[in-house]
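# my questions are about this predicted structure, shown below with the sequence.
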2 protein chains.
Amino acid sequence: MTADPEKPPRTLAREARRLQVIEATIATLAARGHARTTLTEVARTAGISHGLVLFHFDSKEKLLAETLAFLAEEYQTHWQAALDGAGEDPADQILALIAVDFAPALTTQARLGAWCAFWGEAQSRPDYQTACGEKDASYVAKMETICAALIRQRSYPLDPVIAARILRVVIEGTWLDLMTLHTPYAVDEARRTVMTALALCFPRHFAQDGSRLRA
Amino acid sequence: MTADPEKPPRTLAREARRLQVIEATIATLAARGHARTTLTEVARTAGISHGLVLFHFDSKEKLLAETLAFLAEEYQTHWQAALDGAGEDPADQILALIAVDFAPALTTQARLGAWCAFWGEAQSRPDYQTACGEKDASYVAKMETICAALIRQRSYPLDPVIAARILRVVIEGTWLDLMTLHTPYAVDEARRTVMTALALCFPRHFAQDGSRLRA
DNA sequence: AATCTGATTGACAAGTCAGTCAATGGCGGG
DNA sequence: CCCGCCATTGACTGACTTGTCAATCAGATT
């Protein structure tokens, strides 16, 4: 009789509590922005005292750093898993990557909001840049590899680095639109935008609706 | 003998001082991020007391709001001027718009950094969204009009709204890359990326290096 | 049951920051 | 030359925030 399904126990295992605080931090960042995120607010969201937050994370700095690392790792885990399930065909691989970017589980309002908050601060904080920079680099590298394979397959007159960059910024850009635009469009519009960009880059592989074309 | 070219007078005309404070705010936002921007820091950057900042702007909120409005208006003024000088040809017009986005005067490290800081907070602050949202809307509308004209000219199978969005997010995305990337690429790389996107959207108008193609 | 360990709380200290205000200073108009 | 007005300063306040710490509490072990 260890688990009580209704009420969580007052004391929680170390890792469980840390995870809960990180989730609360993500929610707070999204709701109030980086500038107005306070330990007290995070604690209130998690339903605990603010002393406990510091007990588990030592300082606000470290809490934010760990939250960013958590987000970066979560994202990397997901896209690598998607890639593993996509097989060898680069066309399948890139569709899998894009699918991850619009998977509702990862693309929550809260998670995108937290990303935004970190982005805004990253330019003035080298620690943030290095934190997510390394994981980001492997994503970019993979994207470039896939684009290079597609280009080789059907001889597009295109630089794989540039193509990969275009696709990435279109994905990121539509995310940002969804977060910051005065009157945002639907998620499906965002996906359609990315698919169109994909078709423009690789017209012999994809139609603008994202469907595959045979050789 | 009103103007002393060497030392600015201790007291400054209302508008001149306000402008100076706004510039200092932009610099501070870029250097320290939104979360760590304080009135004292802004005042120090401007070389005045922090009481004077509040004398001119009433509150920190208003200072930031006016700074954002200033940036939005400055940007709008520039792209509209560029458009006025570009003539009737939509191909010229879109090249002019892109040229503005990479004009060194506007695309300062400080200005991009300040934009970043505001972006990061915008998602959790409706006031920021409306502030730049309206000006942004006219930019988007103009972009869509131009894209529609290009599409009509040479019958591309493309949605003008989508095309305009792709071009905009590629521009914004390369900006963000320059600001936040761990190891950023050169501004020229950014321009090349945008030009490639342009050529992919309108291949009968533009080559990938940005040069014009004749009908 | 007694004890031990580690999670948890809440009161507190120290520092910071936005905003206030009375006093000062310089500039232009009379 | 004097006066009034507005810009300017810098000390001050009150609120808030981060971080500390001693006391408490729950659960596991013996």
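Perfect, thanks for sending it. Numbers count the residues shown, from 1 in each chain, chains lettered A, B, ... in the order given.
# residue A:64 - nearest residue in space that isn't next to it in sequence?
residue A:25 (7.1 Å; C-beta to C-beta, 6 or more residues apart in numbering or on different chains). C-beta coordinates here come from the backbone N, C-alpha and C atoms, glycine included.
# equivalent analysis for residue A:171, please.
residue A:101 (5.1 Å).
# okay, now the closest residue to DNA strand C within chain A: neighbour count?
Proximity of chain A to DNA strand C (C-beta to the nearest atom of the strand) peaks at residue A:51, 2.5 Å away. By the criterion of other C-beta atoms under 10 Å in any protein chain shown, residue A:51 has 10 neighbours.
# likewise residue A:152?
Neighbour tally, residue A:152, other C-beta under 10 Å: 11.
# how near is it to residue A:202?
11 Å (C-beta to C-beta, to the nearest Å).
# state the number of residues packed around residue A:81.
Neighbours around residue A:81, by other C-beta under 10 Å: 12.
# now the one 4 residues further on
The tally of other residues near residue A:85 (other C-beta under 10 Å) stands at 10.
# check residue A:89 too.
Residue A:89 has 16 nearby residues by other C-beta under 10 Å.
# confidence score at it?
You'll see residue A:89 listed with a pLDDT of 97.
# figure out how far stretch A:13-29 is from the centre of its chain.
17 Å (C-alpha atoms, centre = their mean, to the nearest Å).
# how near is the residue minimising distance to the centre of chain A to chain B?
Most central residue of chain A, judged by C-alpha distance to the mean C-alpha position with C-alpha atoms, centre = their mean, is residue A:75 at 4.9 Å. The gap separating residue A:75 from chain B is 15 Å, by C-beta to the nearest C-beta, to the nearest Å.
# which strand or helix spans that residue?
helix A:60-84 (DSSP states H and E).
# check residue A:189 too.
Judged by DSSP H and E, residue A:189 forms part of helix A:187-201.
# in that helix, which residues are buried?
Within helix A:187-201, the residues that count as buried by 16 or more other C-beta atoms under 10 Å in any protein chain shown are A:189-201.
# again, but for stretch A:22-42
A:22-37, A:39, A:41-42.
# same check, this time on stretch A:62-70
Under the neighbour-count rule (16+ other C-beta under 10 Å), stretch A:62-70 has A:63-68, A:70 buried.
# ok, so of those residues, who is nearest residue B:88?
Nearest to residue B:88 among the buried residues of stretch A:62-70: residue A:68, at 48.4 Å, using C-beta to C-beta.
# that closest one contacts residue A:130, doesn't it?
No - look at residue A:68 against residue A:130 with C-beta atoms under 8 Å: they stay out of range, at 10.5 Å.
# okay, now the residue nearest to residue A:171: neighbour count?
Counted with other C-beta under 10 Å, residue A:101 comes out at 20.
# care to break chain A down by domain?
According to automatic domain parsing, chain A comprises the domains A:11-58, A:70-201.
# gap between the residue lying closest to residue A:125 once chain neighbours are set aside and DNA strand D?
Residue nearest to residue A:125 in three dimensions, not counting chain neighbours: residue B:33, with 6.4 Å by C-beta to C-beta, 6+ apart. As defined by C-beta to the nearest atom of the strand, to the nearest Å, residue B:33 lies at a distance of 15 Å from DNA strand D.
# pretty sure residue B:33 sits against residue A:119.
No - the criterion here is C-beta under 8 Å, and residue B:33 misses it with residue A:119 at 10.7 Å.
# so which residues of chain A form helices?
Secondary structure of chain A by DSSP state H: the helices cover A:14-32, A:39-46, A:50-57, A:60-84, A:90-101, A:109-122, A:126-154, A:160-180, A:187-201.
# separation between residue A:73 and DNA strand D?
Relative to DNA strand D, and taking C-beta to the nearest atom of the strand, residue A:73 is found at 23 Å.
# what's the nearest residue to the residue of chain A found nearest chain B if we skip its chain neighbours?
Distances between chain A and chain B by C-beta to the nearest C-beta are smallest at residue A:120, namely 1.3 Å. Distance criterion C-beta to C-beta, 6+ apart; nearest residue to residue A:120, sequence neighbours excluded, is residue B:120 at 1.3 Å.
# list the contacts for that neighbour?
By C-beta atoms under 8 Å, 6 or more residues apart in numbering or on different chains, residue B:120 lies in contact with A:33-34, A:116-121, B:34.
# roughly how far does the residue nearest to residue A:64 sit from DNA strand D?
For residue A:25 relative to DNA strand D (C-beta to the nearest atom of the strand), the value is 11 Å.
# which residues touch the residue lying closest to residue A:192 once chain neighbours are set aside?
Leaving aside its sequence neighbours, residue A:192 sits nearest to residue B:162 (C-beta to C-beta, 6+ apart; 6.7 Å). Residues counted as contacts of residue B:162 (C-beta under 8 Å, 6+ apart) are A:192-193, A:196.
# how about low-confidence regions in chain A?
Scanning chain A for pLDDT under 70 picks out A:1-12.
# hang on, isn't the residue nearest to residue A:64 packed against residue A:39?
No - counting by C-beta under 8 Å, residue A:25 stays clear of residue A:39, with 9.5 Å between them.
# find the residues that touch each one of the two.
With C-beta under 8 Å, 6+ apart as the test, residue A:25 and residue A:39 both reach residue A:63.
# burial measure for residue A:208, as a count.
Close neighbours of residue A:208, defined as other C-beta under 10 Å, add up to 17.
# so for it, what's the nearest residue that isn't a sequence neighbour?
residue A:199 (4.4 Å).
# quick one on the thing from earlier: make JSON lines out of the contacts of residue B:120 and add distance to residue B:146.
Shown next, in JSON lines, are the contacts of residue B:120 (distance: C-beta to C-beta, whole Å):
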{"residue": "A:33", "distance to residue B:146": "34"}
{"residue": "A:34", "distance to residue B:146": "36"}
{"residue": "A:116", "distance to residue B:146": "29"}
{"residue": "A:117", "distance to residue B:146": "33"}
{"residue": "A:118", "distance to residue B:146": "34"}
{"residue": "A:119", "distance to residue B:146": "29"}
{"residue": "A:120", "distance to residue B:146": "30"}
{"residue": "A:121", "distance to residue B:146": "34"}
{"residue": "B:34", "distance to residue B:146": "33"}
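# closest to DNA strand D among the residues you listed?
Nearest member of those to DNA strand D, counting by C-beta to the nearest atom of the strand, is residue A:34, at 10.5 Å.
# I figured that closest one hits residue B:36, correct?
No - with contact defined as C-beta under 8 Å, residue A:34 does not count as touching residue B:36 (9.6 Å).
# excluding sequence neighbours, find me the nearest residue to residue A:175.
Per C-beta to C-beta, 6+ apart, closest to residue A:175 is residue A:112, 5.7 Å.
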